[in-house]
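Undergrad: prediction below, plus the sequence it came from.
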Amino acid sequence: MWQWKIAELKVELQVNEAMIKEVEEKLRSVEDEEMMDKTSVVPKANTKVVEEFKASNEFKAIVIECSSTSYRFSFNAY
């Protein structure tokens, strides 16, 4: 009687352990996908911010100021 119950519990334990391994693998897979998503989002966000800054009036003012300064210095260099 007890041996039958022990055998039954061992089978149930093996099934549960298999289910736990499967869930752990899925969890790792989801974590890996999440990490990949994060790594691809950062460069996209940086690119977007840089392009928005290039389109801004502040960037244009900085470029004009630097160009004007460089132009003035070229006269002083000779």
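TA: That came through fine.
Undergrad: make it CA atoms for all contacts and neighbour counts henceforth
TA: OK.
Undergrad: name the helix or strand of the chain that has the lowest mean pLDDT.
TA: helix 57-77 (a mean of 76; mean pLDDT, DSSP states H and E).
Undergrad: do you know how far the residue most central in space within the chain is from residue 32?
TA: By CA atoms, centre = their mean, the chain has its centre lying nearest to residue 38, at 1.6 Å. Taking CA to CA, to the nearest Å as the measure, residue 38 falls 10 Å from residue 32.
Undergrad: where along this structure do the helices fall?
TA: Secondary structure of the chain (DSSP state H): helices at 2-55, 57-77.
Undergrad: those: lowest mean pLDDT?
TA: Taking each of the helices of the chain in turn, the lowest mean pLDDT turns up on helix 57-77, with a mean of 76.
Undergrad: number of residues surrounding residue 53?
TA: 13 (other CA atoms under 10 Å).
Undergrad: so it makes contact with residue 59?
TA: Yes. Between residue 53 and residue 59 there is a contact under CA atoms under 8 Å: 6.2 Å.
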